[in-house]
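> sequence and predicted structure are below.
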Amino acid sequence: MPSATNTLSVEPLDAPVGAKITLPEGITDPSKLNEEDFNKLNEALHKYSVIVIPNQADLPPHSQWVLTSRFDPSTQTNGQNYGHGKEFRHDKSLLRKDGTSIPDQPQVQVLGQGDWPAGHHGLGDITLTHPTHFSFHKDTLTEKQAFEENQTRFYRWHIDSALYELSPPVATTLLGIHVPPHSATQKIIYEDTKEELELTQGATAFASGKLAFDLLSDEDKELALNTHVVYAPHPYIFISEAKATSDGLTMHSEGKELSLDEIPEWEESKIKKLPLVWTNPITGNHHLQAHACCVWRLERSNGEILELEDARNELYRIMRPAISPKNVYAHSWESGDLVIFHNRGVWHAVTGQFKPGERRLMHQCNIASGIDPVCVQ
């Protein structure tokens, strides 16, 4: 472990993405970094995509919000907007059970598992539900596979974003306050290749958008650079009745999506049409960035349009190599870990399931940006 110094230090992880951060001596709250050290932190985020600051269990929600907003100056005009907007609490939304807001800092969400008594930052008694593949995938593990053989699944590969009206956040901060012990391990078995990925219970998995782009053939790179992803209006409501593939990468096309007259009112101008490839503003690298579960169609610059099923199949084809075991970083949580990830550079997925009585408590913050990502060719 690096010793404390008077400047922030960055230690790359032995993983496809990621770096460990040591704060300057005397600094315990990363939101209070001076400009020089924060710039170094920001550069590390864009270079390594996922950065980990240990020993932050007591970080106040306000500080987490301040730190998150520093990564994107455009949020100064709309910094009150949680990245998923208000719609994620809609009774038909796929995200409706994914957490609860801290009353005095609603941009920070409380996530986890189990019953927690009143008193946590102004909240009353709360029951948290860890999202698992059992409620989202078409074909699920058996109880024996999940709880006796300790298998698990990627719940849903995604980027954090409302994908309607609001622009994707630049960064997400995720703070582990109470996490399971590392003695609990689980494994993901890939159905198509039979490869295995061993990880700790509740690990957060990350896949690199840069690597995903780099793995493409020259022909596919050219196609990707000239493709836009059009997301469905109110996408988490649109897909609420549909089911995901067993790797959590996209959805089965079975006609279960809600019709456009079954979802809340929507406006054409608020539909998100984003480049399939986003340019990293610091490194200049290209990142293949898409939320394949929420895609509506793909539009090529040559006029070709791929509608829902074809769009899903195409995104699956080009994204699948990046989630192979050797390409995934599965973060094993320690209490106090503050994980910050470049939401415009990686995709991530929840993993794991918990037995009755097991608990976890985390704080998450991301803020809708004031500008959309761009592709610079």
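That came through fine.
> which residue ranges of the stretch 151-300 of the chain form strands?
Secondary structure of the stretch 151-300 of the chain (DSSP state E, counting those that start in this stretch): strands at 171-178, 185-189, 196-200, 204-208, 227-231, 273-275, 277-279, 286-288, 295-300.
> the helix or strand of the chain with the lowest mean pLDDT: partners in the sheet, and parallel or antiparallel?
Ranking every helix and strand in the chain by mean pLDDT, DSSP states H and E puts strand 100-102 at the bottom, with a mean of 89. With DSSP bridges as the test, strand 100-102 is paired with strand 105-116 (antiparallel).
> pull the contacting residues for I239.
Shown in contact with I239 (Cβ atoms under 8 Å, 6 or more residues apart in numbering): L94, A232, M251, E257, C293, C294. For every residue, glycine as well, the C-beta is placed using N, CA and C.
> recalculate using a threshold of 6 Å.
M251, E257 (Cβ atoms under 6 Å, 6 or more residues apart in numbering).
> so what's it scoring on pLDDT?
As predicted, I239 sits at a pLDDT of 95.
> what's the answer for G255, then?
G255 is assigned a predicted lDDT (pLDDT) of 97.
> gap between it and A242?
9 Å (Cβ to Cβ, to the nearest Å).
> T204 now?
Applying Cβ to Cβ to T204 and A242 gives a distance of 24 Å.
> between the two, who's got more neighbours?
Each of T204 and A242 has its neighbours counted (other Cβ atoms under 10 Å); T204 has more, 22 against 19.
> give me the beta-bridge partners of the more buried one?
Applying DSSP bridges, one finds that T204 bridges with H331, V350.
> correct me if wrong: it contacts A330.
No - applying Cβ atoms under 6 Å as the test, T204 and A330 come out as separate, 7.2 Å apart.
> burial of N327, as a residue count?
17.
> for the residue nearest to it when sequence neighbours are not counted, which three-state class applies?
Distance criterion Cβ to Cβ, 6 or more residues apart in numbering; nearest residue to N327, sequence neighbours excluded, is P16 at 5.3 Å. The three-state label for P16, taken from DSSP: H, G, I helix; E, B strand; the rest coil, comes out as coil.
> again, but for M362
strand.
> ok, it touching V110?
No - contact status for M362 versus V110: not in contact, 7.4 Å apart, counting by Cβ under 6 Å.
> same drill for these two, tell me which one is more crowded.
Between M362 and V110, counted using other Cβ under 10 Å, the more crowded position is M362 (23 against 20).
> tell me the confidence at the more buried one?
96.
> please begin residue numbering at 11 from this point
Yes, from this point I'll number from 11; that puts the last item at M372.
> can you name the residues bridging to it?
In this entry, M372 is beta-bridged to L121, G186, by DSSP bridges.
> against L221, how distant is it?
26 Å.
> could you do K57 as well?
14 Å.
> kindly report the same for G28.
G28 is 13 Å from L221, by Cβ to Cβ.
> these two: which has the busier surroundings?
G28 (22 against 18).
> now the more buried one: closest residue in space that isn't a chain neighbour?
Nearest one to G28, counting by Cβ to Cβ, 6+ apart, is V60 at 4.4 Å.
> thought that neighbour was touching A215?
No - at 10.5 Å, V60 and A215 do not qualify as touching, with contact defined as Cβ under 6 Å.
> just give the nearest non-adjacent residue to K148, would you?
In space, K148 is closest to K253, 3.7 Å off (Cβ to Cβ, 6+ apart).
> what residues of stretch 243-260 count as buried?
243-250, 252-260 (16 or more other Cβ atoms under 10 Å).
> an error on my part: the question was meant for stretch 283-297.
L284, P285, L286, V287, W288, T289, N290, N295, H296, H297.
> between the two ends of it, how far is it?
For stretch 283-297, the first-to-last residue distance is 16 Å (Cα to Cα, to the nearest Å).
> for it, the distance to its chain's centre please.
In terms of Cα atoms, centre = their mean, to the nearest Å, the centre of stretch 283-297 is set 17 Å apart from its chain centre.
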